[in-house]
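Peer 1: Compute the structure for the input listed below.
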Amino acid sequence: MRLERSPPVAKTSETDPVCGMPVRVDHALVVQLGERRAHFCSAYCRDEFLAHPERYMGASTEPGAQRGPAWRHIAYFSMEVAAQNSMPTYSGGLGVLAGDMLKSCADLRLPVVGVSILHREGYFDQTLDDSGRQHEAPAHWQVKDLLQLLTPIIQIQIARRTVQVRAWQYTIVGHDGYDVPLVLLDTDMDGNSPEDRSLVQHLYGGDQAYRMAQEILLGIGGVKMLHALGYTGLRKYHMNEGHASLLALELLDQGASANPPPPDFHVVRDRCIFTTHTPVPAGHDQFDYELVQRVLPRDVPSSLLQMLGGSDRLNMTLLGLNLSRYVNGVARRHGEVTREMFPEYPIHHITNGVHSATWTCDSFKLLFDAWLPGWESDSSMLRHAIAIPAREIWQSHVEAKARLLSLVRERSGITLRADALTIGFARRATAYKRADLVFTDIARLRQIVNQAGPLQLVFAGKAHPSDEDGKKLIQHVLAVARQLADVVPIVYLENYDMNMAKLLVAGADLWLNTPRRPFEASGTSGMKAAHNGVPSLSTLDGWWLEGHIEGVTGWSIGTLREDPSSTEAADQADADSLYRKLEDDVIPMFYWSRERWTEMMRHCIALNASYFNTHRMVQQYASNAYLP
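Peer 2: This is a model prediction of the structure:
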């Protein structure tokens, strides 16, 4: 059956000239000034417009209308951003989230500018040898082909040296032509020492001094560069993790330059938003003060740093907490965990999402275009997927699965069965993710396959170059693959990236997620799978605590009990639960109840994809953090 796009629907929304959010005409607050009729999503925006109409009267609400730098009100800082697959300026979920957020800002026409670092050699390209050992190589990319070099050059101080910084721009274009600029900072230029030129070579590379220097470049250099580029109207600075916390110190310094000391902490706090993604104390960036005093600019008093960032070591999360009015975790449970770590701070939560148009595969895009016109601009429309016929859901999935199996055959030489239950597992290779949990009892896995029905597994993911446990995990998966080759086909795909992820989350029949609790702040791969109707089988942590309805959107592994001190017992209990779910629920439903399986696929889209997306997430940031 060939699906055709539905004809365009009549325009029923306008753009709020203050916040840039889309607003339904029939629900908007309206102001008429002369011939200008403006629509607002909130009383705050209406009152702001009435108080300062000269700021907004020139702002067009027509698709494609642009504003210059001075009209951008929000700056979003992230050490990594996955803007597109050809730019390897990301390592995993943090960068993909940042890229998805900026894409939704463009779709929703928010006046945002993104700031990151130009990582010239990316994260790394991964190869696996015959023993499964990971090898890393620089991920070179064509900077000049993808980015525009900007004119200004600024100077920052790193370890008593003057470092010159320039910037490149990548433009993220929304579905109606509105764009969001992404400014990428670069020190690889004539006039800098080899040491300083190398600061933009590797993402998360080098020693503590290298990491500290990169954070100076991002936070302090980023604020200075935005000022040099003419972003004079910025009201909010959003720090995506502690890597960007030094921007708040630069804002303090700028305030002290404009007004006599002492610094006005309240003014800076009112302008800053801090998002933490770290669920355990050990994961927060911390630096010894001896290193800090050596690397940071000399004019930053140590007493100020110890007051704001901790007395023993400079804790970048603590610095962000102390200098931000709005602080949030990235899922409901993560917000609770973060409040337990920092009980003296008011910490909210905004659950992560994914960019619907990016992570929905081509066959499902065609399906949604036919049945849910307007879904790309309004992801909540996906809730109506419950009305899409089951046969069309299944046919779209069959096409997506064929593309995945083609990739597997091309990359590995292994031909997987189109009719066999295919389980996908793709994410960073690190111990707490437990990629090998499904292999805890190999004899039992063999028995399940022989008695309940065949299955095949496709893995992908990189281990950080210094994470030896993560590298051993990959080797273990490949060793088991050889051991089970006669009964369970297992493939580990090299060099996981965004393009591969799109094929995996759409082409798998089931998405497996097995992190130890409570170490998963949110997780987003299951959200991407849900956009393609793929149910999850996951431990109850991160976003899955909110998206899980047993037997409706997928299945749970284990219980809600959290006991990080007893990892061996927890691993065994979770493995037992995983095997029971496969044997009693997943495999029988897949092979013997196609109607129930496709009904679950519809629920994944209607219940989870319609909510766990960055359009909803950005709207929550706008209303909760950016506008107040």
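Peer 1: State the helix or strand in which the residue nearest the centre of the chain lies.
Peer 2: The chain has L97 as the residue nearest its centroid, 1.5 Å off, counting by Cα atoms, centre = their mean. Element membership of L97, judged by DSSP states H and E, is helix 93-107.
Peer 1: on that earlier part again, pull up the per-residue confidence for the residue nearest to the centre of the chain.
Peer 2: L97 carries a pLDDT value of 98.
Peer 1: With the one 5 residues further on instead?
Peer 2: Predicted confidence (pLDDT) for L102: 98.
Peer 1: what separates it from M617, distance-wise?
Peer 2: Counting by Cβ to Cβ, to the nearest Å, the gap from L102 to M617 is 12 Å. For glycine as for every other residue, the C-beta is placed from the backbone atoms N, C-alpha and C.
Peer 1: so where's the stretch 501-628 of the chain shaky on pLDDT?
Peer 2: Counting by pLDDT under 70, the stretch 501-628 of the chain has low-confidence residues at 562-565, 628.
Peer 1: if you set the cut-off to 80 instead, what comes out?
Peer 2: 561-566, 628 (pLDDT under 80).
Peer 1: before we move on, what about the stretch 51-200 of the chain?
Peer 2: Counting by pLDDT under 80, the stretch 51-200 of the chain has low-confidence residues at 51-68, 70.
Peer 1: Check the offset of stretch 272-282 from the chain's centre.
Peer 2: Centroid separation between stretch 272-282 and its chain, computed with Cα atoms, centre = their mean, to the nearest Å, is 14 Å.
Peer 1: which strand is the longest one in the protein?
Peer 2: If you go by DSSP state E, the chain has its longest strand at strand 161-173.
Peer 1: which is the next helix or strand following it?
Peer 2: Sequence order places strand 179-186 as the next helix or strand after strand 161-173, per DSSP H and E.
Peer 1: Mind listing residues that contact that next one?
Peer 2: 66, 72, 81, 83, 89, 102-103, 105-106, 110, 112-118, 120, 147, 150, 165-174, 200, 217-218, 221-222, 225-226, 229 (Cβ atoms under 8 Å, 6 or more residues apart in numbering).
Peer 1: Each with direction, which strands does the helix or strand encompassing I423 pair with?
Peer 2: If you go by DSSP H and E, I423 is part of strand 421-426. Sheet pairing here is set by DSSP bridges, and for strand 421-426 it gives strand 455-460 (parallel), strand 510-513 (parallel).
Peer 1: that older thread, just the buried residues out of the contacts of strand 179-186, in ChimeraX syntax.
Peer 2: Here is the ChimeraX command that selects the buried residues among the contacts of strand 179-186 (16 or more other Cβ atoms under 10 Å):
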select :72,81,83,89,102,103,105,106,110,112,113,114,115,116,117,118,120,147,150,165,166,167,168,170,172,174,200,217,218,221,222,225,226,229
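Peer 1: Would you mind giving the domain segments of the protein?
Peer 2: 63-122+138-353, 359-612 (automatic domain parsing).
Peer 1: related to what we said a few turns ago, show me what the helix holding L97 is packed against.
Peer 2: In terms of contacts (3 or more Cβ pairs under 8 Å, 6 or more residues apart in numbering; DSSP states H and E), helix 93-107 is packed against strand 74-78, strand 112-117, strand 161-173, strand 179-186, strand 236-240, helix 356-359, helix 614-621.
Peer 1: who wins for proximity to T567 among those?
Peer 2: When the helices and strands packed on helix 93-107 are compared by Cβ to Cβ, strand 236-240 sits nearest T567, at 29.5 Å.
Peer 1: Give me the contacts around the closest one.
Peer 2: Strand 236-240 has contacts (Cβ under 8 Å, 6+ apart) with 73-79, 94, 97-98, 219, 223, 245, 247-248, 251, 271-275, 277, 320, 324, 621, 625-626.
Peer 1: Go through the protein and flag its longest helix.
Peer 2: In terms of residue count, the longest helix belonging to the chain (DSSP state H) is helix 390-412.
Peer 1: Now that helix: buried residues?
Peer 2: For helix 390-412, the neighbour count (16+ other Cβ under 10 Å) marks 392-394, 396-397, 399-401, 403-405, 407-408 as buried.
Peer 1: can you list those in CSV and add pLDDT?
Peer 2: As requested, the buried residues of helix 390-412 are arranged in CSV below (pLDDT from 0 to 100):
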residue, pLDDT
E392, 98
I393, 98
W394, 98
S396, 98
H397, 99
E399, 99
A400, 99
K401, 99
R403, 98
L404, 98
L405, 98
L407, 98
V408, 98
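Peer 1: Grab the nearest non-local neighbour of L478.
Peer 2: Computed as Cβ to Cβ, 6 or more residues apart in numbering, the closest residue to L478 that is not its neighbour in sequence is G132, at 3.6 Å.
Peer 1: still on that earlier bit, adding distance to D47, write the domains of the chain out as JSON lines.
Peer 2: Below are the domains of the chain laid out as JSON lines (distance: least, Cβ to Cβ, whole Å):
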{"stretch": "domain 63-122+138-353", "distance to D47": "15"}
{"stretch": "domain 359-612", "distance to D47": "26"}
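Peer 1: for these, which one sits closest to A38?
Peer 2: Minimum separation from A38 across those (Cβ to Cβ) falls at domain 63-122+138-353, 13.8 Å.
Peer 1: what lines up beside the longest strand of the chain in the sheet?
Peer 2: With DSSP bridges as the test, strand 161-173 pairs up with strand 148-149 (antiparallel), strand 154-158 (antiparallel), strand 179-186 (antiparallel).
Peer 1: re earlier: need the contact list for the residue nearest to the centre of the chain.
Peer 2: L97 makes contacts with 240, 330, 352, 354, 524, 614, as judged by Cβ under 8 Å, 6+ apart.
Peer 1: Show me the two of these that sit farthest apart.
Peer 2: Greatest spatial distance in the contacts of L97: N240 and V354, 15.3 Å, computed using Cβ to Cβ.
Peer 1: Looking at those two, which has the bigger crowd around it?
Peer 2: Neighbours were counted for N240 and for V354 using other Cβ atoms under 10 Å; V354 has more, 30 against 26.
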